[in-house]
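S.K.: Build me a model from this:
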Amino acid sequence: MSHRCLIVPPHLLAHLAAVDDPRAAQAARHTLEFGMRVVARRDVRSARSGREAGGLGGTGLLPGELRERARGPRTRAEEGATAFSPKRSVHDAQHGTTLPGTLVRSEGQPAVSDESANEAYDGLGATFSLFAEVYGRNSLDGAGLGLVASVHYDRDFDNAFWDGEQMVFGDGDGTYFNSFTDSVDVIGHELTHGVTQFTAGLTYVGQSGALNESVSDVFGSLVKQHTLGQTAEQADWLIGDKLFTDRVKGVALRSMKAPGTAYDDPHLGKDPQPADMDGYQDLPHDEEHDNGGVHINSGIPNRAFYLAATAIGGNAWDGAGRIWYDTLVDGNLAKDLDFAGFAAATTQAAAARFGDGGTQHRAVQQAWATVKVTPGG
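M.R.: Next comes the predicted model:
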């Protein structure tokens, strides 16, 4: 199944392609057309990773090892995070489409004059830090993969994406979208597609595709929270809160706390995400319908995570985040997992790590019940 994992969903770009601003409309059309072209390149690069069928991605974990984790969270020293350090390289595509472009900043070098390059560098580092310091994961593949990014991709490009090997950032059209390096959660979101590529390999269509998107939103939000030192209660739970210009009537691309409320704009339309299964959109599994509405229906598992995280309290990366991470790397998930299967897996992971019937276990159970997903096999 061909797929693309770009932060701005096609339904939003389709609205923008019809605005009466010629430059903004052309930028949206161009970005939509690009989404079709990137499919083949992305699939080839993902296949090279050898993880299309899922797998453990260098985590060192074996199926069933979650039972051992029931003793509780490990310390950072136990995780071995102190031995990990990122290998970042940021390139300037110079408004072209040849990747990666000209190297402008390498690991350990000081900030440069290009703000986008510095934001990309910092975002790569923030994402690496979350996975290394909290979960003991050495980069996206668990084995120290270098983090490569290209900024200033193409002209008026309204998106950012992980192409199977590296991050790519557009500058936006300047009318509706700002630069795509502005939001650290966007960077974390797209890089997490790389983590999923090397672990669960969730098929990018239908409910498994929506879970793929949701997992990226979860850890994208956690990257931001970890960077800002925010608790679950303090977090805004918005994805891409800095992407829209002042012209847009909206606060972000998505709201994990309240799906369907992120924007309501005369040009971009209204946020279509459902908050529970009553609003689930059963769409055709094709590119025109975003592979079955993967960016739309992801609102349901997103809200489940938010509900679990806030019910558990404290730092979300240590509570619900650990449960979701354990689930992602368990090694037993089917690539075509549906919401019911993921609900069951996270509920089991909560019991394994924090204890059967404990606060965390009950919080996850209640979260899925609230969004009207019944855990299944």
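S.K.: For the stretch 151-300 of the chain, which segments count as helices?
M.R.: Assigned helices in the stretch 151-300 of the chain, in chain order: 184-198, 206-228, 290-297, 299-312 (criterion: DSSP state H, counting those that start in this stretch).
S.K.: of all the ones you listed, which lies closest to Gly260?
M.R.: helix 299-312 (6.7 Å; CB to CB). From N, CA and C alone the C-beta is placed, and that goes for glycine too.
S.K.: tell me the angle of that closest one relative to helix 290-297?
M.R.: Counting by axes from the mean of the first three to the mean of the last three CA atoms, to 10 degrees, helix 299-312 lies at 30 degrees to helix 290-297.
S.K.: any idea of the mean pLDDT for helix 299-312?
M.R.: For helix 299-312, the mean pLDDT works out to 98.
S.K.: Sketch out the low-pLDDT regions of the chain for me.
M.R.: Across the chain, the stretches falling below the confidence threshold (pLDDT under 70) are 1-4, 35-82, 377.
S.K.: Save the helices of the stretch 151-300 of the chain as TSV, and put in distance to Lys257 and mean neighbour count too.
M.R.: Output for the helices of the stretch 151-300 of the chain, formatted as TSV (distance: least, CB to CB, whole Å; neighbours: other CB atoms under 10 Å):
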stretch	distance to Lys257	mean neighbour count
helix 184-198	13	27
helix 206-228	10	26
helix 290-297	17	26
helix 299-312	5	26
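S.K.: roughly how far apart are the one residue sitting closest to the centre of the chain and Asp173?
M.R.: With distances taken as CA atoms, centre = their mean, Ser216 lies nearest the centre of the chain, 1.9 Å away. Using CB to CB, to the nearest Å, one obtains 23 Å as the distance from Ser216 to Asp173.
S.K.: for Tyr204, same thing?
M.R.: Tyr204 is 26 Å from Asp173, where distance means CB to CB.
S.K.: do Thr199 as well
M.R.: 34 Å.
S.K.: a helix runs through Ala28, doesn't it?
M.R.: Yes. Assignment of Ala28 by DSSP: H, G, I helix; E, B strand; the rest coil places it within a helix.
S.K.: Contact partners for it?
M.R.: Taking CB atoms under 8 Å, 6 or more residues apart in numbering as the definition of contact, the neighbours of Ala28 are Leu13, Ala14, Leu16, Ala17, Val19, Asp158, Asp173.
S.K.: can you pick the most crowded of those?
M.R.: Note: the member of the contacts of Ala28 with the most neighbours is Asp158, at 29 neighbours, neighbours being other CB atoms under 10 Å.
S.K.: residues contacting Met167?
M.R.: Contacts for Met167 (CB under 8 Å, 6+ apart) come out as Ala120, Leu124, Leu147, Val148, Ala149, Ser150, Ala160, Phe161, Ile187, Glu190, Leu191.
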